[in-house]
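Visitor: Show me the folded form of this:
(chains A and B)
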There are 2 protein chains.
Amino acid sequence: METVDILIEDGDLLTMCGDGVGYIGKGAVAIAGNSIAAVGRTDELRKTCRAKRVIDAKGMAVLPGFIDGHLHTVIALLRGVGQDAPSWHIGMDPFFSNMTIEAVEAGAQISAIEAIRAGTTTFCDIGPAMPLVLPFYERVGIRACVCSLISQVPPVESTIRDGELLPFDEDIGRQRLQENIELIESWNGKAKGRISVMLGPQAADYCSVELFGEIYALAEKHNLRVHMHLAQDEREMRQVELRYGKRPVQFLQDLGFLSDRLIVAHLIYCTDDEVREVAESGAAMAFCPSSLLICDGILPPADVFLEAGGRVCLGTDETSSNNGVNLFSEMKIAALAMKMKRRDPAFFPAWQALRLVTIDGARALGLDDIIGSLEAGKRADIILIDLQRPSLAPVLRDPVRNLVPNLVLSARGDEVVLSMVDGRVIYENGKIITIDEKESLEFIGRAAREVNEGAAEEVMRRKTPQYRFTVDGKY
Amino acid sequence: METVDILIEDGDLLTMCGDGVGYIGKGAVAIAGNSIAAVGRTDELRKTCRAKRVIDAKGMAVLPGFIDGHLHTVIALLRGVGQDAPSWHIGMDPFFSNMTIEAVEAGAQISAIEAIRAGTTTFCDIGPAMPLVLPFYERVGIRACVCSLISQVPPVESTIRDGELLPFDEDIGRQRLQENIELIESWNGKAKGRISVMLGPQAADYCSVELFGEIYALAEKHNLRVHMHLAQDEREMRQVELRYGKRPVQFLQDLGFLSDRLIVAHLIYCTDDEVREVAESGAAMAFCPSSLLICDGILPPADVFLEAGGRVCLGTDETSSNNGVNLFSEMKIAALAMKMKRRDPAFFPAWQALRLVTIDGARALGLDDIIGSLEAGKRADIILIDLQRPSLAPVLRDPVRNLVPNLVLSARGDEVVLSMVDGRVIYENGKIITIDEKESLEFIGRAAREVNEGAAEEVMRRKTPQYRFTVDGKY
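Guide: Predicted structure coming up:
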């Protein structure tokens, strides 16, 4: 009889193994240390395991924790000041220029707290200030897969006129790359392996060929992923055309960047042929439907990418554009928007959405050796979802099982009742138990007020769309 | 000094008065009996009102309760067995033919419970069995605006071949009309005015010209609204063309049905010109984006309807197709799908979505004399939303107020902490206080199991898409 730390018993397991959802009824998961020791039927595991703690999961779904495959927490604090405008930047810019260190920290805190409360256990956070927020991620207990944003464009972007090239500053590029290198040295593999680091060139129009070359060499040397934006806005398309006489996908292809080491976000200005080219190269796609719909009114072409056999993860992008980090909401929006684009209610069924935030998301990020499914040997990142809640009732199991559609199309997020990462319970009984949430929320409120006070004059001077809405009584 | 029953103090009021959201900071609402006695700044109301109960709404948004403008609770129990298929009917039919009285009651119960927990206070329920569910609505304390589904088509629909007319059975039509008449007589104005009744012809292909005539005469006689489906599926388009040589909108126009007495749902097979014709007639539209995207992959043309000056309410349609009754989720999906359709991030801003579930929804349903805004004289249907929750933090008020975008794009529903209808608190501290929710959920579970057992054989025999998903390990 093996002694394990935790035995989760009698749940409806969606292990996400195999090519579907890997359902096991009356299932159990045994956890030893930070890993899953065994997965199977409860009656069988009871015979082989003795547990220090037993968690009764009767009436609950048991899943791998959700993976948010692409987000920037750095400006998460600025929720609700950028949407409903022709360009998201108009409302955001006055706040950008008044960000503080506290605001960056608070952005990561509000994102992590909101996300944990909706079943997320892994954050793929892409930002310029990871050393500021990683101590919090370590403390709150979430898994994080992060990189710096590497760019060599000085902060003059908005003054560049049509037909002009963005200036490249080698020193800035070197400094940003150095930050990512230091991030690798200080954090990769830290927090008992919960933190991993990627390389993060911002986009095809933000780095020179030489800088891309250095990034690629580093990625190969350290065997790291590269996570970047691709074909995300019209400026990028124009700049790359102007500088190199080609489109961004061709540019990356010629650089030798399109490979299974690469994760690219958005692709909204790609042709379908380009989308297929990227997918077939082995590169993965980060699909952020809500954020792109809110900021651009465009659904990223994840349908084309998936049909070309590409690997896709789902991302919330950022609280300031999404306007949140709830992967349940994101799954529903992904599913409905895909059906709408294809005018086909059978397209992108619920199980596919669920795979994007679990095993397929893990594969896209290159983390599937450790997370994404409930399998012996993987890290114990597990969530329990109360199926008795009014938003998920009634539960049918036979002959049609309605768990998966209801988790994807009905759940709001608060049905998650327990969350563990690396075998450590971080959320239970409605509370994140690793931090003082109240204190954190007070800090978030203070930091937000400070940025807001700093930005106020500029907001009023520029009369941002959201300011007009406020003055006009629409907000 | 006036004595009132309840004074809600120090909240962020979104009164929904005027042409925006009618914000009042540090606002108060005084409630006397079932009505709003006064709305204003807290310091002012404190001078004029003495309250038996004071509710401290500091850090909370105070809004009119949400109005679900179109739903069928009759089959709500069948959540998660119809989606992801070319036709929603394939998965649902085996269950339809095994519905029980308990299942109908349970459908209303699960819908009301889930909806109340997400801020809904008014249900526009359209179904064949209102007398079965109205006692529950009366007891739980929700406001309901209901009708019977009037059809004279016998249950042979699925055996009708292309090119054949659906048979009309006068006796069936008369019986269904009689049910709606009895509903009016027994329930219109009951529960102290909380229940109101409309007339509910199912669709243009389900009633004869004569039956439509009788319905219209009755509506005029009792001054009632008529609520029906229009251009909701291809069969309706074919049937009306076949029978009358015209399209459904023209058919209703020629009948004299298009007027401000009419509320029509869906319109997904209308041309834009037809949508404008309906809007300009004064008829209102019930807009159910999630349900139609899930069942048909089509966004109803609410954008065109609104631009033509039409009145629109938002509806969840049904739990078995949506798959839920959460108007927060519905607002976000409405906003994102509209932006996607128009490829315009500025289109359909958050405040417009919020108006659809409050004042504009009330106008569409003809209920704006009693609900939809916080105004003295209107019924006290009010919700309190905790803005301190991680999903809504941080709150900014000046110079940009982020409440409205965050309520529409970030809230999950569980931030609603108090709900009252007609001045009576029905939900507080996470509990619906008018019923025993646990008992209700047990009843819902039993009723679901019974229908499921009845349908099981047919589900397996027909091998519904959802059954295949289950067997194949995808559900």
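Visitor: Next, count neighbours for the spatially closest residue to residue A:452 that is not a sequence neighbour.
Guide: Of all residues not flanking residue A:452 in the chain, residue B:396 sits nearest, at 5.3 Å (C-beta to C-beta, 6 or more residues apart in numbering or on different chains). In this view, the C-beta of every residue, glycine as well, is placed from N, C-alpha and C. By the criterion of other C-beta atoms under 10 Å in any protein chain shown, residue B:396 has 26 neighbours.
Visitor: Show me the shaky parts of the stretch 251-400 of chain A.
Guide: Applying pLDDT under 70 to the stretch 251-400 of chain A flags no residue at all.
Visitor: Now do the strands in it.
Guide: A:262-266, A:284-287, A:311-314, A:382-386 (DSSP state E, counting those that start in this stretch).
Visitor: Of those strands, which stretch is the most buried?
Guide: Stretch with highest mean neighbour count among those: strand A:284-287 (a mean of 30; mean count of other C-beta atoms under 10 Å in any protein chain shown).
Visitor: For residue A:206, report the pLDDT, please.
Guide: At residue A:206 the predicted local distance difference test score is 95.
Visitor: what helix or strand does it sit in?
Guide: In this structure, residue A:206 sits in neither a helix nor a strand according to DSSP states H and E.
Visitor: pretty sure it contacts residue A:155?
Guide: No - applying C-beta atoms under 8 Å as the test, residue A:206 and residue A:155 come out as separate, 11.9 Å apart.
Visitor: and those two? which has more neighbours close in?
Guide: residue A:206 (23 against 10).
Visitor: Quick check: that one vs chain B, distance?
Guide: Taking C-beta to the nearest C-beta, to the nearest Å as the measure, residue A:206 and chain B are separated by 22 Å.
Visitor: Residue A:227 too?
Guide: 24 Å.
Visitor: can you check residue A:369 too?
Guide: Counting by C-beta to the nearest C-beta - residue A:369 and chain B are separated by 22 Å.
Visitor: In contact with that residue, which residues?
Guide: residue A:378 (C-beta atoms under 8 Å, 6 or more residues apart in numbering or on different chains).
Visitor: For the closest residue to chain B within the stretch 51-200 of chain A, the count of nearby residues, please.
Guide: Here the stretch 51-200 of chain A gets closest to chain B at one residue, residue A:80, 2.8 Å apart by C-beta to the nearest C-beta. For residue A:80, the neighbour count with other C-beta under 10 Å is 28.
Visitor: partners of the residue lying closest to residue A:74 once chain neighbours are set aside in the sheet?
Guide: Excluding the flanking residues, the one nearest residue A:74 by C-beta to C-beta, 6+ apart is residue A:127, at 4.0 Å. Beta-bridge partners of residue A:127, counted by DSSP bridges, are residue A:148.
Visitor: quick one, what contacts residue A:127?
Guide: Counted by C-beta under 8 Å, 6+ apart, residue A:127 has contacts A:72, A:73, A:74, A:104, A:133, A:146, A:148, A:149.
Visitor: List buried residues within those.
Guide: Restricting the contacts of residue A:127 to buried positions leaves A:72, A:73, A:74, A:104, A:133, A:146, A:148, A:149, with burial counted as 16 or more other C-beta atoms under 10 Å in any protein chain shown.
Visitor: So the first one sits against residue A:318, correct?
Guide: Right, the one you point to is residue A:72. Yes - counting by C-beta under 8 Å, residue A:72 touches residue A:318, with 4.6 Å between them.
Visitor: can you tell me the helix or strand for the spatially most central residue of chain A?
Guide: Centroid check for chain A by C-alpha atoms, centre = their mean gives residue A:68 as the closest residue, at 2.6 Å. According to DSSP H and E, residue A:68 maps onto strand A:66-71.
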